[in-house]
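# model the structure of this input:
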Amino acid sequence: MAQTYGQLIKEARCYHDPPISSKELATLLGVSPPFITDIEKSRRLPSLDKQKQIKQLLACNQYPEELFDDLAANDNPDIRIVAEDIAQSLRTTPALREMLRTIRLKHLRSEFFSVSPSVEPFNEAKYRALMDGLECSEILSNPI
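Down below sits the predicted model:
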């Protein structure tokens, strides 16, 4: 599985049915073929508008839209850039912002959290328990 945005673009266009060449992708996006090569070799990132176009053209079950957003944000040197769906959730959900800050301040590590393809929805009770000082392992081992 792709580790960078450029790798994702190359894999997704080759996986596409029918496969899309870098030249075809460049034509569809209205850019030059070397621009696509630069993206795939992680030399540059496209503008947000071009990222949306790429996502619309190449996203599928194997390469979901969120993966395009996550890898583009991860490859961006500007730490203020985050995936669009995450940014929207953070803007509109104060409890989510508070939870993330608490996790950061308590130095909780990723192994305390289980991530699966079917991520369970935000659980207010688990969040409140975390805020009250329970250890993450206790919260996750006792579903509420």
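
# now do the end-to-end distance for stretch 54-63.
Using Cα to Cα, to the nearest Å, the end-to-end distance of stretch 54-63 comes to 12 Å.

# just the buried residues of that stretch, please?
Within stretch 54-63, the residues scored as buried using 16 or more other Cβ atoms under 10 Å are Ile54, Lys55, Leu57, Leu58, Ala59, Tyr63. C-beta here means a position set from N, CA and C on the backbone, and glycine is covered the same way.

# pLDDT and distance to Gln88 added to those, as a markdown table?
Listed next are the buried residues of stretch 54-63 as a markdown table, based on pLDDT from 0 to 100; distance: Cβ to Cβ, whole Å:
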| residue | pLDDT | distance to Gln88 |
| --- | --- | --- |
| Ile54 | 97 | 19 |
| Lys55 | 95 | 15 |
| Leu57 | 96 | 22 |
| Leu58 | 97 | 21 |
| Ala59 | 96 | 17 |
| Tyr63 | 94 | 21 |
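
# ok, those residues vs Ile86, which is closest?
Comparing these against Ile86 with Cβ to Cβ places Lys55 closest, at 14.7 Å.
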